[in-house]
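> Everything below, folded, please.
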Amino acid sequence: MSGRLVYRGAAVLLAAGTAFPVAGSTGTAVAAVTAVRAVPTPVGPGISPKPPAPAPAPAPVPLSGLVPGVPPGPAQPWQIDTPDQALPPRVYTPSAAEDAVEPRDAAPGTYDLIEYVPLGDAVAKVTCTRQTGPYQRQVERWLKLKVDGRQSASDCRTIRAFQIAYRIKPAAGFAGPVTWSTMMLISAGKNPNAAGKCPVRSHRVACVDLDRQLTWVQKGSRVVFGPVPMRSGGKGHATRKGWHTVYWRHKNHVSTLYGQAMPYAQFFDGGQAFHAVYGSIHTTVGSMGCVNLRLADARALWNVLKKGDRVFVWGRRPGT
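As a prediction, the model looks like this:
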């Protein structure tokens, strides 16, 4: 199956330069609220003035309402195709000549860190957003800010500084999935299994952490590959949890369903495999079950894993 993320309407709006009201702008609705609050509270014997009720916390913008925050290019299409396959592939032994051919390189900019933001922010090219991101609390906690799930001007400035430092575009201070994912990778550092969730064995184990969207390989307690960011199966197409075994490797695999390249494919459970994609792995939708990697990471993993190596999957992809 192919996972498609289509933002045709968004692309048209961005191309037309249509102006949208940005969260926090003044208007009649705000004036009406102000007028209501201006009504004096009656006081008298036995009656105490009531303090105004606190404003409810703003609801985070859902992932389904986000778009890439920069104009699409050849390496960042609006429509993301995931060339996975639902059924096990036809297994055969590739010839030496076939294995000697390396998959093509990805286009420059393919794996740039492009944050997903609200459409209104993208159209208006907001410098510092007032919107509450879907990862607001997680990002606040990571940056050691006040954890209240509310975007503030100081929150935005701090998040924006982080985004600038790690080349996340646009650096608008929105607590989105790419910013969160970057923080998870940094936190994992050289000891991604600090929590002990991936079983330690004397042989190689490929660890697939759905919670943090990270993968690595360890032999004993020593990490021999990664951690690297990944994209796992989305809603309805989850990467299957538990123990698996790498049963077939095909360097130049092509999806039998869609005829699209799945470079450095290493199948571990039916049609689910580690493989590279020629597109961003940081999207609001998941794969169709495979563990998608950047090309360089998939190539490095190809040189680490062998047929018969074990794979352990746990957790749950955020948003599913």
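> can you give me the helices for the stretch 51-200 of the chain?
Ranges of helices in the stretch 51-200 of the chain, per DSSP state H, counting those that start in this stretch, are 96-99, 119-124, 136-142, 153-165, 177-188.
> and those as a markdown table, adding mean neighbour count and distance to R204?
Glycine gets a C-beta too; all of them are placed from N, C-alpha and C. Below are those laid out as a markdown table (neighbours: other CB atoms under 10 Å; distance: least, CB to CB, whole Å):
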| stretch | mean neighbour count | distance to R204 |
| --- | --- | --- |
| helix 96-99 | 10 | 21 |
| helix 119-124 | 21 | 43 |
| helix 136-142 | 20 | 30 |
| helix 153-165 | 17 | 34 |
| helix 177-188 | 20 | 18 |
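> could these go into JSON lines alongside distance to D297?
Shown next, in JSON lines, are these (distance: least, CB to CB, whole Å):
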{"stretch": "helix 96-99", "distance to D297": "19"}
{"stretch": "helix 119-124", "distance to D297": "28"}
{"stretch": "helix 136-142", "distance to D297": "23"}
{"stretch": "helix 153-165", "distance to D297": "22"}
{"stretch": "helix 177-188", "distance to D297": "11"}
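> can I get the ones you listed in TSV with mean pLDDT?
Output for the helices of the stretch 51-200 of the chain, formatted as TSV (pLDDT from 0 to 100):
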stretch	mean pLDDT
helix 96-99	93
helix 119-124	94
helix 136-142	97
helix 153-165	98
helix 177-188	97
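> Please report the distance of the nearest residue to K306 once chain neighbours are set aside from G259.
For K306, ignoring the flanking residues on the chain, the nearest one in space by CB to CB, 6 or more residues apart in numbering is V246 at 7.1 Å. Using CB to CB, to the nearest Å, one obtains 24 Å as the distance from V246 to G259.
> likewise V304?
Applying CB to CB, the value for V304 to G259 is 28 Å.
> Ok, L87 next?
Going from L87 to G259 by CB to CB gives 15 Å.
> D84 too?
D84 is 13 Å from G259, by CB to CB.
> do G176 as well
G176 is 32 Å from G259, by CB to CB.
> The two: who's more crowded?
Using other CB atoms under 10 Å as the criterion, G176 and G259 rank with G176 on top: 30 against 8.
> Read off the pLDDT value for the more buried one.
pLDDT for G176: 96.
> from what I can see it touches L113, true?
No - counting by CB atoms under 8 Å, G176 does not reach L113; the two are 10.4 Å apart.
> Going along the chain, name the strands of the stretch 201-320 of the chain.
204-209, 214-219, 222-229, 242-245, 248-254, 261-269, 272-276, 291-293, 310-314 (DSSP state E, counting those that start in this stretch).
> among those strands, which is nearest T129?
T129 sits nearest to strand 222-229 of all the strands of the stretch 201-320 of the chain, at 23.3 Å, using CB to CB.
> What residues of that closest one count as buried?
223, 225-229 (16 or more other CB atoms under 10 Å).
> can you redo these as JSON lines with pLDDT and distance to L214?
As requested, the buried residues of strand 222-229 are exported to JSON lines (pLDDT from 0 to 100; distance: CB to CB, whole Å):
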{"residue": "V223", "pLDDT": "97", "distance to L214": "11"}
{"residue": "F225", "pLDDT": "98", "distance to L214": "12"}
{"residue": "G226", "pLDDT": "96", "distance to L214": "7"}
{"residue": "P227", "pLDDT": "98", "distance to L214": "5"}
{"residue": "V228", "pLDDT": "98", "distance to L214": "7"}
{"residue": "P229", "pLDDT": "98", "distance to L214": "6"}
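> Just send those back as JSON lines, with distance to M288 too.
As requested, the buried residues of strand 222-229 are arranged in JSON lines below (distance: CB to CB, whole Å):
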{"residue": "V223", "distance to M288": "28"}
{"residue": "F225", "distance to M288": "24"}
{"residue": "G226", "distance to M288": "22"}
{"residue": "P227", "distance to M288": "23"}
{"residue": "V228", "distance to M288": "20"}
{"residue": "P229", "distance to M288": "18"}
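> wait, which of these is closest to D309?
D309 has its nearest neighbour among these in F225, at 11.0 Å by CB to CB.
> Surely that closest one is in contact with V304?
Yes - contact criterion CB under 8 Å: F225 and V304 qualify, at 4.5 Å.
> what residues do those two have in common as contacts?
Residues touching both F225 and V304 (CB atoms under 8 Å, 6 or more residues apart in numbering): V217.
> how much space between the residue positioned nearest the centre of the chain and R204?
With distances taken as CA atoms, centre = their mean, the chain has H282 as the residue nearest its mean C-alpha position (4.0 Å). For H282, the distance to R204 equals 27 Å [CB to CB].
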